[in-house]
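Asks: next comes the sequence, and after it the predicted model I'd like to discuss.
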Amino acid sequence: MYDPFDSRVGEKVYSPYFLYVIEHPAGNVMFDNGCHPTLAEDPRGRLGAMAETLEIHLSREDNAEGMLRSIGMQPSDIKIVVQSHLHFDHAGGLEALPHADVYVQRSELDFALDPPVYQQGAYVKADFDLPVKWKVLHGEEEVDLFDDGSLVIFPTPGHTPGHQSLIVRLKDETVILLSDATYSIEKLRERALPALLWNPDAMVASWDLIEELESREQARLICTHDLGFKEDVKLAPDAVYE
């Protein structure tokens with residue numbers, strides 16, 4: 001999945017997924033929300049045939065509510081959700097967040113509701129076909145969530161047509177949460193495309209933009225499926241980015 005032309009292609013790896021919480025004076029923001037809780041116990045029931053390609057390693061706490069508990073929060077503490085895209089490992093927690101405003105691209109909603117055959121297995125309609133408080137975005141413009149420059153959504157299509165990422169300007173550094181704009185920073189640098197994508201040209205253009213922002217902001221890049229996450233990523237509740 002990470003690179004079909006890698007010399008290790010076919011080797012199974014442990015692929016993590018992350019959800020992120022940003023504390024802001026105007027309200028807490030969650031970027032993505034992980035897998036649905038039932039995936040831990042009944043992958044086939046949740047994913048159908050897609051489950052046959054995966055070996056699921058999830059506990060009962062490896063979901064939005066459980067992860068929030070680990071940092072002393074609950075779903076009601078989240079004011080805003082920024083949805084990078086609607087694949088099952090990023091949108092499965094929406095069910096727990098009906099009160100929150102959820103920012104999503106129109107093109108992503110449309111694609112998710114009627115996905116082409118090559119991405120059907122990655123979307124679970126039950127994850128997002130809910131009474132969600134959608135804040136639907138259109139096009140290529142950046143969205144400054146609190147009008148203070150601290151949290152800025154920007155489109156990064158390629159993995160899916162409506163994929164988006166988040167610039168987080170903290171006190172001591174700037175972090176760019178990429179989600180699945182790339183599976184691997186190394187592969188982004190190499191311009192090595194993953195197996196699951198919507199448009200390779202759009203993905204490469206997004207990579208160019210990400211590196212431009214990285215240079216301009218002197219930013220740290222964080223992707224959701226980083227194979228080296230134990231060394232590369234600060235993990236709550238023991239560590240946070242400030």
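Replies: Yep, that arrived. From a predicted model like this one, the values you see are computed outputs, not experimental measurements.
Asks: now do the helices in the chain.
Replies: Secondary structure of the chain, counting by DSSP state H: helices at 43-47, 64-70, 88-91, 106-113, 125-128, 185-190, 200-217, 229-232.
Asks: for the residue nearest in space to the middle of the chain, give me its contacts.
Replies: With distances taken as CA atoms, centre = their mean, the residue of the chain nearest its centroid is Ser179 (3.6 Å). With contacts taken as CB atoms under 8 Å, 6 or more residues apart in numbering, Ser179 has the following neighbours: 31-32, 84-85, 90, 163-165, 223-224. Any C-beta I mention is one placed from the backbone N, CA and C, and that applies to glycine too.
Asks: could you dump the helices of the chain to JSON lines with mean neighbour count, distance to Leu54 and mean pLDDT?
Replies: Below are the helices of the chain laid out as JSON lines (neighbours: other CB atoms under 10 Å; distance: least, CB to CB, whole Å; pLDDT from 0 to 100):
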{"stretch": "helix 43-47", "mean neighbour count": "17", "distance to Leu54": "7", "mean pLDDT": "92"}
{"stretch": "helix 64-70", "mean neighbour count": "18", "distance to Leu54": "19", "mean pLDDT": "97"}
{"stretch": "helix 88-91", "mean neighbour count": "25", "distance to Leu54": "10", "mean pLDDT": "97"}
{"stretch": "helix 106-113", "mean neighbour count": "18", "distance to Leu54": "19", "mean pLDDT": "97"}
{"stretch": "helix 125-128", "mean neighbour count": "18", "distance to Leu54": "16", "mean pLDDT": "96"}
{"stretch": "helix 185-190", "mean neighbour count": "16", "distance to Leu54": "20", "mean pLDDT": "97"}
{"stretch": "helix 200-217", "mean neighbour count": "15", "distance to Leu54": "23", "mean pLDDT": "98"}
{"stretch": "helix 229-232", "mean neighbour count": "12", "distance to Leu54": "18", "mean pLDDT": "92"}
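Asks: and these: which comes nearest Glu142?
Replies: helix 200-217 (10.2 Å; CB to CB).
Asks: got the CA positions of that closest one in CSV?
Replies: Extracted C-alpha coordinates of helix 200-217, given in CSV (Å, rounded to 0.1, in the frame of the first residue of the first chain):
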residue,chain,number,x,y,z
PRO,A,200,-1.5,10.9,-9.0
ASP,A,201,-1.0,14.3,-10.5
ALA,A,202,-3.1,15.9,-7.8
MET,A,203,-1.2,14.0,-5.1
VAL,A,204,2.2,15.2,-6.5
ALA,A,205,0.9,18.8,-6.7
SER,A,206,-0.2,18.5,-3.1
TRP,A,207,3.2,17.2,-2.1
ASP,A,208,4.8,20.3,-3.8
LEU,A,209,2.5,22.6,-1.8
ILE,A,210,3.2,20.7,1.4
GLU,A,211,7.0,21.1,1.0
GLU,A,212,6.5,24.8,0.1
LEU,A,213,4.5,25.3,3.3
GLU,A,214,7.0,23.2,5.3
SER,A,215,9.9,25.4,4.1
ARG,A,216,8.1,28.7,4.6
GLU,A,217,6.8,27.8,8.1
